[in-house]
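A.B. asks: give me a 3D structure for the following:
(chains A and B)
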Amino acid sequence: MAKSGGNGTPMLDELEKGPWPSFVTQIKEAAEIKEQAQDLLKLLERSYHEKIGHWKHGGIVGVLGYGGGVIGRYNDLQSEYPSIAHFHTLRVNMPSGWFYTSEALRTICDIWERHGSGLTNMHGSTGDIILLGTSTDELEPTFKELTDNDFDLGGSGSDLRTPSCCVGPARCEWACYDTLHITNDLTHHFQDELHRPAFPYKFKIKCAGCPNDCVASIARADMSIIGTWRDDIQIDQKEVTAAAKAGLDIQKDVCARCPTQCMDWDGKQLSIDNANCVKCMHCINAMPRALQPGKDRGATILLGAKAPIVEGALLSSVLVPFIKLEPPYDELKDLIERIWEFWGEHGKNRERVGELIQRVGLGNFLEAIEIEPVPQMIAHPRENPYVFYDEYFEEGDDESEDDQ
Amino acid sequence: MATATEPRRTDIGPPSYERFLPPIIKKNYGKWKYHEILRPGVMVHVAASGDRLFTVRAASPRLLSITRIRKYADFADKYCGGHLRFTSRNNVEFLLTEEANIEPLIKDLAALGHAVGGIGNAISNIVHTQGWVHCHSAATDASGVVKAVMDDLHPYFAERTLPGKLRIALACCLNMCGAVHCSDIAILGIHRRPPRVQGGLNKICEIPNVVASCPTAAIRPANVDGQPTVEIDEDNCMFCANCFSVCPALPMADPLNDGLSIWVGGKVSNARTEPTFSKLAIPFLPNNPPRWPEVVQAVRTIVDVWANGARRFERMGEFIARIGWPRFFELTGIEFTKEHIDDYRHAGLTYKRSAQIRHGR
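C.D. replies: Below you'll find the model as predicted:
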């Protein structure tokens, strides 16, 4: 088979050397059992020589009744690499937090041995299990076996993409809400939006349990849900002293690095001006045994992040400074639906919600989704005097009537 | 055949995570007290109940064969009661209750070629995209560059202590499926040749959609040999490739002109300083498979300048903010060029608008 040694892939073989685990070894492992992986290896070697990819997109492929979840791929040298002439990707919803049992993993492997290339990504950029490469004929049988085993497809195209989250309360003391539960709940609640593209473009939701944002929600999600708290940081003074004794320079490495300078250390006692704490997490990160987020926990909801295409990259910005997140999350779901309604009506083709906000203005967007503007939403008030006032008075207008 | 079939199952959503949580996590869910890093790649979480959960984090190429996943499953059975998870940076994590199992697991992982590491002030796995393995719009490979860079940075993953966290990401084109734009170091594939209009474009693409897809209005409707098509104002093309995403008859990939760029100083965490975008460090490096030596060297140089100069907890962007961009270019030896200066929307906000300059040494 496509083992090295025959030296059919001299450039790729170079990438089996060195200490980092090699993707080439992975393709070769799959090539021992699947013909598609053999052809993929040869085609990739060719790309390495020619310095160009050989994959085409276009055309809609999928499973019956779904508009997303399968990415159509074809190679542009089909007669030379026939077993990967079609090489479609299935995106499969991962369990929240990417937890698995060995049994569940083996089930997925067995399905993919029967129906696909034997190659996967654990996981794709959005968080799905990526089953990498199969033919059009195999899509429906793969889907049947996946659903028989309680797995379903993720999103693609102009739909809700699979929501994802950090490890949350499953294994992190800083989780300010149940990221796994809410991610699972939203994914199940919005199945139609996930599987049947009806938006102007994609919409991603990522749930981070604290402001460390281990799922990069503020950069990568149209809706970034970032855990936070609004009462006082919990301090264990004995553990603060222990951290200092263990070599942490609390004045220099903790207090001086606080973005609002709200901490003082007198060598015995750590005090925090909690009214000025912006919940950045630095002091808690530096002293996990001594400091904990407060007890009144919830999340900040931010909106609009995206990568550069089309109008430039954006970070999410604050929409709701603080919200309590408890099941069944009705307030959040209602907010999401109001956002989608306005975006669906006014968004242009391939315009993300962040770009729409840039185009119409955050103030107008807030008015449309019925949220009051608050100063937490801005870095600072406007610097330019070009205000678009909606109305003006004429001589003889009665101001008191206008106020009604 | 008209036999009754079972109803087709759809819209069932993912299986609940609760099915996959190990018993120790179910018991202590939301009741963790603190964690400690015991050694590179190994940490312990201590619950209010006193229970201790050990995590061993192992490197992964992300592109995995089912053969390798089955080996992970075997390790999970052998050491972890059949439980494991993956991280947001595509590492694999084994969750143990028995401290004595850590060493044998690490040995088994090493025998399979998976170092453990990437926890705390270390370089974790590189988040990356598909590249030439499976993508239609790639300007470079992804897995190959990542492999070459991580081979070189391996000690920073598995052994060394660094001043702070350093997150690297790679995207093989400006679509940025890896959303690399807020990374300490981002490696970004770029095209530099405008799209070439293929014959028969009107048969596979909607011309108004193609025209509307261009953010700089560089695409206009045209008529060639009686066929409707489009023409490209090449001077206005900034190589975003949005038109190619909309229309496969406008290919951008070109071996002579494709390559990589390096960006620095971004982060997503709110710790200390606010989340911020990465900024351009190197506009162009050549595609040089199989090991991309120019990219490996550039990343190594930037990492070392930071590792040697940063104060405790300082991320790349915080370090550069303290020393200033002129000093960053001086220390790294990277040439500053016209391409470093923004000329897109709101470019003026990136100009130096003060006289606060570090003159001399």
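A.B. asks: so how many other residues sit close to residue 253?
C.D. replies: All of this is about chain A. The local packing of residue A:253 (other CB atoms under 10 Å in any protein chain shown) involves 17 other residues. All C-beta atoms are positioned from the backbone trio N, CA, C, and that covers glycine.
A.B. asks: look at chain B instead
C.D. replies: 26.
A.B. asks: and residue A:105, that's in a helix?
C.D. replies: Yes - Residue A:105 forms part of a helix when assessed by DSSP: H, G, I helix; E, B strand; the rest coil.
A.B. asks: my read: it touches residue B:69, true?
C.D. replies: Yes - the pair residue A:105 / residue B:69 is scored as a contact, 5.5 Å apart, by CB atoms under 8 Å.
A.B. asks: what about chain B, any weak spots by pLDDT?
C.D. replies: Low-confidence segments of chain B, defined by pLDDT under 70: B:1-6, B:361.
A.B. asks: for it, what spans make up the strands?
C.D. replies: Using DSSP state E, the strands found in chain B span residues B:32-39, B:42-47, B:52-58, B:63-65, B:83-86, B:92-96, B:168-171, B:185-190, B:219-224, B:227-232, B:259-264, B:279-286.
A.B. asks: against which helices or strands is the fourth one packed?
C.D. replies: Yep, that's strand B:63-65 we're talking about. Here strand B:63-65 touches helix A:23-31, strand A:119-122, going by 3 or more CB pairs under 8 Å, 6 or more residues apart in numbering or on different chains; DSSP states H and E.
A.B. asks: for chain A, which segments count as helices?
C.D. replies: Remark: helices assigned in chain A by DSSP state H are A:10-14, A:23-31, A:35-50, A:102-115, A:139-148, A:179-189, A:191-195, A:217-220, A:237-245, A:282-286, A:330-346, A:353-360, A:362-368, A:399-402.
A.B. asks: what sits against the residue in the stretch 301-404 of chain A positioned nearest to chain B?
C.D. replies: Using CB to the nearest CB, the closest approach of the stretch 301-404 of chain A to chain B is made by residue A:307 at 3.6 Å. Contact analysis of residue A:307 by CB atoms under 8 Å, 6 or more residues apart in numbering or on different chains lists A:220, A:313, B:171, B:174-177, B:179, B:181.
A.B. asks: tell me the one of the residues you listed nearest residue A:200?
C.D. replies: Using CB to CB, residue B:175 comes nearest to residue A:200 of the contacts of residue A:307, at 17.0 Å.
A.B. asks: surely the closest one touches residue B:136?
C.D. replies: No - Residue B:175 is beyond contact range of residue B:136, at 10.2 Å (criterion: CB under 8 Å).
A.B. asks: distance check, the residue most central in space within chain B against residue B:267.
C.D. replies: A centroid search over chain B (CA atoms, centre = their mean) returns residue B:169, at 2.5 Å, as the residue closest to the centre. Residue B:169 sits 11 Å away from residue B:267, going by CB to CB, to the nearest Å.
A.B. asks: shared neighbours of these two, anything?
C.D. replies: Joint contacts of residue B:169 and residue B:267 (CB under 8 Å, 6+ apart) are residue B:183.
A.B. asks: how near is the closest residue to residue B:35 other than its chain neighbours to residue B:97?
C.D. replies: In this structure, residue B:35 finds its nearest non-sequential neighbour in residue B:45, 4.5 Å apart by CB to CB, 6 or more residues apart in numbering or on different chains. Using CB to CB, we find residue B:45 at a distance of 11 Å from residue B:97.
A.B. asks: ok, for residue 63, nearest residue in space, not its chain neighbours?
C.D. replies: In the absence of a named chain, chain A is used. residue A:143 (4.4 Å).
A.B. asks: the intended chain is chain B.
C.D. replies: residue A:23 (4.1 Å).
A.B. asks: where along the stretch 51-200 of chain B do the helices fall?
C.D. replies: B:66-79, B:102-111, B:143-158 (DSSP state H, counting those that start in this stretch).
A.B. asks: could you identify which of those is most buried?
C.D. replies: By mean neighbour count, with neighbours taken as mean count of other CB atoms under 10 Å in any protein chain shown, helix B:143-158 ranks first of these at a mean of 23.
A.B. asks: which strands or helices does that one pack on?
C.D. replies: Secondary-structure packing of helix B:143-158 (3+ CB pairs under 8 Å, 6+ apart): helix A:23-31, strand B:168-171, helix B:293-309.
A.B. asks: now tabulate those in TSV and tack on distance to residue A:164.
C.D. replies: Listed next are the helices and strands packed on helix B:143-158 as TSV, based on distance: least, CB to CB, whole Å:
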stretch	distance to residue A:164
helix A:23-31	22
strand B:168-171	16
helix B:293-309	27
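A.B. asks: what's the closest of these to residue A:377?
C.D. replies: That would be strand B:168-171 among the helices and strands packed on helix B:143-158, by CB to CB, at 28.1 Å.
A.B. asks: and that closest one, C-alpha only, in PDB?
C.D. replies: What follows is strand B:168-171, C-alpha atoms only, in PDB (Å, rounded to 0.1, in the frame of the first residue of the first chain):
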ATOM      1  CA  ILE B 168       0.100  30.500  17.600                       C
ATOM      2  CA  ALA B 169      -2.500  30.000  14.900                       C
ATOM      3  CA  LEU B 170      -2.300  29.300  11.200                       C
ATOM      4  CA  ALA B 171      -4.800  30.000   8.500                       C
END
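A.B. asks: ok, residues contacting that strand?
C.D. replies: A:307, B:123, B:126-129, B:142, B:145-146, B:149, B:153, B:177-180, B:183-189, B:299.
A.B. asks: just stretch A:248-263 next, same as before
C.D. replies: By CB under 8 Å, 6+ apart, stretch A:248-263 touches A:240, A:243-244, A:264-265, A:270-278, A:280, A:282-283, A:286-287, B:272-273, B:312-313.
A.B. asks: cutoff 10 Å now
C.D. replies: Contacts to stretch A:248-263, defined as CB atoms under 10 Å, 6 or more residues apart in numbering or on different chains, come from residues A:233, A:240-244, A:247, A:264-267, A:270-278, A:280, A:282-287, A:290-291, B:270-274, B:311-314, B:318.
A.B. asks: next, the distance between the ends of that stretch.
C.D. replies: Using CA to CA, to the nearest Å, one end of stretch A:248-263 lies 15 Å from the other.
A.B. asks: quick check: buried residues in that stretch?
C.D. replies: Neighbour-count burial for stretch A:248-263 flags A:248, A:250, A:253-255, A:257-258, A:262-263 (criterion: 16 or more other CB atoms under 10 Å in any protein chain shown).
A.B. asks: what's around the residue lying closest to residue A:225 once chain neighbours are set aside, how many residues?
C.D. replies: Computed as CB to CB, 6+ apart, the closest residue to residue A:225 that is not its neighbour in sequence is residue A:207, at 4.7 Å. Per other CB under 10 Å, the neighbour tally for residue A:207 reads 30.
A.B. asks: got it, and residue A:82?
C.D. replies: With other CB under 10 Å as criterion, residue A:82 counts 13.
A.B. asks: and what of residue A:217?
C.D. replies: 28.
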